[in-house]
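Student: Generate a structure from the sequence data that follows.
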Amino acid sequence: VELTLAGGTIRVCGRMDRVDERPDGRLTIVDYKSGSTFSYSARFGTWHGGRHLQHLVYARVARTLYSREVAGVEYHFPSVKGQNQVIPYGVERLTEGERVLDTLCELVARGHFVPTDEPDDCKFCDFHKLCRVVIDDWNKIDSPVAEWAKANAQSIAEYASLRRLRRL
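Tutor: Sure, this is the predicted structure:
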């Protein structure tokens, strides 16, 4: 599906776990998560500093594919870790996400592929060897690139947009 953004279009592909039609005709998108709800807690905000975009992308894709309004997106955590919790994102919470997605795409379009300034982000990356990341048996992360970014990002102009996103 092509999604139109302020600076152009992006193409996305994938699968949504479930799309429910509500009595009012709007859609609710449901995604099942196997882990815990920790990074989805309110203390991290709706966007977790630009790290969580799936709910926005799913809402945009569903609206495009089905030509219907989306009421919201829900993450369901049916595992022992997730304790069967449901984290809802109503459509009103998703409007600010357009700016988040535009900002991230603008960084890429400008060729600014800046490394994260948070070593914990390295847990989910496939490029550990490239960045010399080491995760020990106790899940302690040693990421020289992230540590360098944390120490130097304030003085590097290419990090300005990322710093703004991290505050969301």
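Student: residue ranges for the strands of this protein, please.
Tutor: In the chain, the segments counted as strands under DSSP state E are 2-5, 8-11, 18-21, 27-32, 70-77, 85-90, 134-135, 141-142.
Student: quick one, which residue of the protein lies the farthest from its center?
Tutor: No residue in the chain sits farther from the centre than residue 23, which is 29.0 Å out by CA atoms, centre = their mean.
Student: May I have the residues that are in contact with that residue?
Tutor: Applying CB atoms under 8 Å, 6 or more residues apart in numbering to residue 23 gives no contacts. Where C-beta positions appear, they are placed from N, C-alpha and C, glycine not excepted.
Student: picking up where we left off before, most tightly surrounded among the strands of the chain?
Tutor: Compared across the strands of the chain, strand 70-77 shows the largest average neighbour count, a mean of 20 (mean count of other CB atoms under 10 Å).
Student: Point out the other helices and strands that it packs with.
Tutor: Counting contacts by 3 or more CB pairs under 8 Å, 6 or more residues apart in numbering; DSSP states H and E, strand 70-77 packs against strand 27-32, helix 54-66, strand 85-90, helix 91-94.
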